[in-house]
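Participant: What follows is a predicted structure for the sequence shown.
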Amino acid sequence: MILTTKRLIIRPAVLEDLNAMHRILSDEQTMKFFVEGPHDEAMVTSMLEGNGEDLEHYTIILKETGAIIGKLSFAPWFMKMTYEIGWIIDKKHTGKGYMSEAAEAMLEYGFHTLKLHRIIATCQPENLPSKRICEKLNMRLEGTFQQCIHVHDDTWWDELFYAILREEYKAE
């Protein structure tokens with residue numbers, strides 16, 4: 001599956017993406033809202049090698065330059081016909097609407113091609129850019145899970161839970 005938008009190409013992540021993905025996923029600022037924190041090369045390699053038949057990770061590429069600027073995660077959740085979407089973008093490309101554009105294309109694919117019933121996304125309350133993306137996608141805030149994520153430094157994070165149903169997506 002390859003998706004294209006006005007400015008982006010979204011395709012399954014492959015091992016050849018290792019250098020660009022490692023550069024993005026190893027950045028402390030970029031990864032500050034991820035429990036695993038910055039990824040070392042072995043973690044990124046494992047993620048890319050594991051992206052075989054059960055696709056979960058997608059590379060986001062700028063059409064204009066061919067540069068890899070981020071990734072989408074899009075995978076089945078534990079409920080029937082429900083997927084979870086997530087995103088990470090290179091800090092050099094934030095604030096340009098790329099991630100909203102990529103996520104919108106993935107929602108379109110999920111609801112119209114896969115015929116999903118529901119797509120969910122989560123983020124921490126302090127992660128304002130991710131909250132804004134969820135809102136731009138017309139996802140509904142369904143709740144806040146208090147201190148539900150245990151972090152490696154022995155702290156607990158809250159998590160916001162967003163969702164959108166297929167009939168809500170079509171109604172836009």
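Facilitator: On my side now, so go ahead.
Participant: Now do the strands in this structure.
Facilitator: Secondary structure of the chain (DSSP state E): strands at 3-4, 8-12, 57-62, 68-76, 82-89, 118-123, 140-150, 156-165.
Participant: Can I get those in JSON lines including distance to residue 107 and mean neighbour count?
Facilitator: In this view, the C-beta of every residue, glycine as well, is placed from N, C-alpha and C. As requested, the strands of the chain are exported to JSON lines (distance: least, CB to CB, whole Å; neighbours: other CB atoms under 10 Å):
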{"stretch": "strand 3-4", "distance to residue 107": "11", "mean neighbour count": "15"}
{"stretch": "strand 8-12", "distance to residue 107": "12", "mean neighbour count": "18"}
{"stretch": "strand 57-62", "distance to residue 107": "13", "mean neighbour count": "23"}
{"stretch": "strand 68-76", "distance to residue 107": "9", "mean neighbour count": "20"}
{"stretch": "strand 82-89", "distance to residue 107": "7", "mean neighbour count": "21"}
{"stretch": "strand 118-123", "distance to residue 107": "6", "mean neighbour count": "21"}
{"stretch": "strand 140-150", "distance to residue 107": "13", "mean neighbour count": "11"}
{"stretch": "strand 156-165", "distance to residue 107": "7", "mean neighbour count": "17"}
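Participant: Any regions of the protein where pLDDT drops low?
Facilitator: Residue ranges of the chain with pLDDT under 70: 53, 171-172.
Participant: Most remote residue from the middle of it, which is it?
Facilitator: If you look at how far each residue of the chain sits from its centre, by CA atoms, centre = their mean, the farthest one is residue 154, at 25.0 Å.
Participant: would JSON lines of the strands of the chain with distance to residue 98 be doable?
Facilitator: Below are those laid out as JSON lines (distance: least, CB to CB, whole Å):
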{"stretch": "strand 3-4", "distance to residue 98": "13"}
{"stretch": "strand 8-12", "distance to residue 98": "6"}
{"stretch": "strand 57-62", "distance to residue 98": "7"}
{"stretch": "strand 68-76", "distance to residue 98": "6"}
{"stretch": "strand 82-89", "distance to residue 98": "6"}
{"stretch": "strand 118-123", "distance to residue 98": "16"}
{"stretch": "strand 140-150", "distance to residue 98": "23"}
{"stretch": "strand 156-165", "distance to residue 98": "19"}
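Participant: just to revisit the earlier point, the residue farthest from the centre of the chain and residue 29: what is the separation?
Facilitator: 22 Å (CB to CB, to the nearest Å).
Participant: try residue 146
Facilitator: Counting by CB to CB, the gap from residue 146 to residue 29 is 26 Å.
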